[in-house]
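Trainee: structure, please.
(one chain, ligands or ions: 1)
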Amino acid sequence: MDHFQFRDSELHVEDVPLSAIAESTGTPTYVYSKATFLEHLLRFQEAFAPLDPLTCFAVKSCSNISVLQLLGEHGAGMDIVSGGELQRALAAGVDPARCVYAGVGKTDEEIEFALRSGIGFFNCESSPEYRNIERIASRLGVTARIALRVNPDVDPGAHRHTTTGVRATKFGIDIEDTLAFFEAHAGSPHCELCGLHAHIGSPVREVMPYVVAVERLLATIDLLEQAGHPISTLDIGGGFAADYETGEAPPARTYAEALVPILEPRVRDGLRIILEPGRSISANAGILLARVQYVKEAGDRRFAILDAGMHTLLRPSHYDAFHFVWPCRPPAGMTPPARTREPAIPGLKNYDVVGPICETGDYIALDRPLPALERGDLIAIFGSGAYGMSMANRYNSMPLPAEVMVDGTAVHLIRRRETHEDLMSHESRVAAPASG
Ligand SMILES: Cc1ncc(COP(=O)(O)O)c(C=O)c1O
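Mentor: Predicted coordinates:
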């Protein structure tokens with residue numbers, strides 16, 4: 001699954017011990033494995049190869065420009081949701097024509113930037129947004145290519161914060177209203193309305209929600225085409241699960257085995273498929289490396305307090321997400337056989353693994369069986385490559401962590417750790433009134 005493995009009783013990323021990275025870069029640090037990124041991208045591309053799709057990596061999941069550059073150089077386009085993400089894709093050298101742009105609140109400036117850059121597709125989320133893109137494209141004298149985001153009303157079984165493709169969400173429009181939308185909007189000289197887009201949620205651990213969604217989307221395409229609206233592109237979004245806990249997520253080929261037979265005949269008839277995987281490529285390509293600051297007991301709880309918390313990795317407190325946590329140098333006999341919630345190792349103690357933030361909800365793992373921990377121990381928080389650094393924030397004036405990319409024995413610093421000066425670099429004190 002990934003290149004984070006225990007060797008000689010110590011966790012390594014590819015050929016580098018994590019302790020060496022802590023030594024050179026400090027903690028907390030996001031540590032990525034280049035080989036793991038490429039393996040996951042390749043597996044995804046191979047599984048869906050019969051559809052010859054455009055695979056647009058969801059930039060929001062892991063947005064460092066070195067990551068985007070790596071994936072772009074290996075065939076990925078980008079799925080973006082803001083002008084900032086477009087700027088990153090461009091800085092990474094990705095062809096803007098291979099980028100698709102979703103997001104419910106695109107501003108005039110962002111739309112103009114995307115049009116001037118030559119974005120591949122706007123995934124349009126509403127009628128007012130369509131009118132705005134049309135207005136700006138007309139002013140610039142260009143044509144925008146648009147896929148309408150529709151909600152196929154499928155429950156993906158995901159967390160309520162990441163369920164997007166059901167009725168009446170802020171995303172897209174209900175699928176029943178698609179024809180009416182096309183009748184109202186198609187034919188503009190500045191907008192080529194020629195695609196459908198859907199993203200049902202994340203993570204989707206079952207194949208069936210995709211199958212149902214795709215069948216509804218294809219039926220809608222038939223309806224549109226019968227009414228004289230040709231559709232060239234179908235973007236079925238992302239949400240393909242990552243294996244946070246051994247065995248819970250199907251591999252890319254399982255999704256593909258169900259979807260390829262349904263979509264292949266349409267591809268033969270000229271339909272172009274776009275996919276937007278994020279976490280299935282990035283989650284297991286990164287860990288968060290942190291250090292135990294203090295261990296303390298209170299009542300029946302035992303706390304390991306790290307230098308990383310909800311500001312560094314928001315997923316546990318925001319989504320109740322599970323991340324496997326383990327010391328990088330476990331005591332003899334305590335190397336975990338698998339990354340499960342209940343490792344079958346005698347002698348473990350239960351810890352609440354928490355951060356330094358002044359919130360009771362600041363935790364990485366609760367009641368987690370672990371080897372005895374001490375101040376100074378290095379801790380790996382696995383599966384943190386997706387929605388880790390990209391959701392990190394500066395709450396409590398905590399500087400953002402560093403990011404490194406490991407390639408074999410080479411360690412590349414791809415984002416330096418922020419300093420206290422960085423924290424205030426956009427601020428200024430109100431000038432004192434001139435005296436006299
Ligand atoms: C429109 C869209 N596409 C793709 C994704 C990527 O999802 P995931 O990282 O679960 O694959 C998201 C995630 O929120 C999304 O909103």
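Trainee: now do the longest strand along the chain, average pLDDT.
Mentor: In the chain, with assignment by DSSP state E, the single longest strand is strand 286-298. For strand 286-298, the mean pLDDT works out to 98.
Trainee: would you mark the buried spots in it?
Mentor: By 16 or more other C-beta atoms under 10 Å, the buried positions in strand 286-298 come out as 286-293, 295. Bear in mind the C-beta positions are built from the backbone N, C-alpha and C, glycine included.
Trainee: got a list of contacts for the helix or strand T178 falls within?
Mentor: When elements are assigned from DSSP states H and E, T178 belongs to helix 178-185. Helix 178-185 has contacts (C-beta atoms under 8 Å, 6 or more residues apart in numbering) with 127, 130, 134, 148, 150, 173, 191, 193, 196, 220, 223-224, 227, 229.
Trainee: how near is the residue in the stretch 201-350 of the chain positioned nearest to the ligand to V325?
Mentor: Nearest residue of the stretch 201-350 of the chain to the ligand, counting by C-beta to the nearest ligand atom: G278, 2.4 Å away. In this view, G278 and V325 are 22 Å apart by C-beta to C-beta, to the nearest Å.
Trainee: ok, now L263?
Mentor: Distance, L263 to V325, by C-beta to C-beta: 39 Å.
Trainee: got it, and R415?
Mentor: For R415, the distance to V325 - C-beta to C-beta - is 23 Å.
Trainee: looking at the two, which is more packed in?
Mentor: Between R415 and V325, counting by other C-beta atoms under 10 Å, V325 is the more crowded of the two (22 against 17).
Trainee: wait, F48 sits on E276?
Mentor: No. Counting by C-beta atoms under 8 Å, F48 does not reach E276; the two are 11.9 Å apart.
Trainee: neighbour count winner among these two?
Mentor: Between F48 and E276, counting by other C-beta under 10 Å, E276 is the more crowded of the two (28 against 21).
Trainee: residues contacting that one?
Mentor: Counted by C-beta under 8 Å, 6+ apart, E276 has contacts 56-58, 79, 100, 199, 235-238.
Trainee: most surrounded residue in those?
Mentor: Most surrounded of the contacts of E276: other C-beta under 10 Å gives F57, at 33 neighbours.
Trainee: what's the closest non-adjacent residue to that residue?
Mentor: Nearest residue to F57, sequence neighbours excluded (C-beta to C-beta, 6 or more residues apart in numbering): A76, at 4.5 Å.
Trainee: which among the contacts of helix 178-185 count as buried?
Mentor: Using 16+ other C-beta under 10 Å as the burial test, the contacts of helix 178-185 include 130, 134, 148, 150, 173, 191, 193, 196, 220, 224, 229 as buried.
Trainee: the ligand contacts on the stretch 251-400 of the chain?
Mentor: 276-280, 386 (C-beta under 6 Å from any ligand atom).
Trainee: SS state for the closest residue to the ligand within the stretch 301-436 of the chain?
Mentor: As assessed by C-beta to the nearest ligand atom, the ligand sits closest to A386 within the stretch 301-436 of the chain, at 5.8 Å. Classification of A386 using DSSP: H, G, I helix; E, B strand; the rest coil returns coil.
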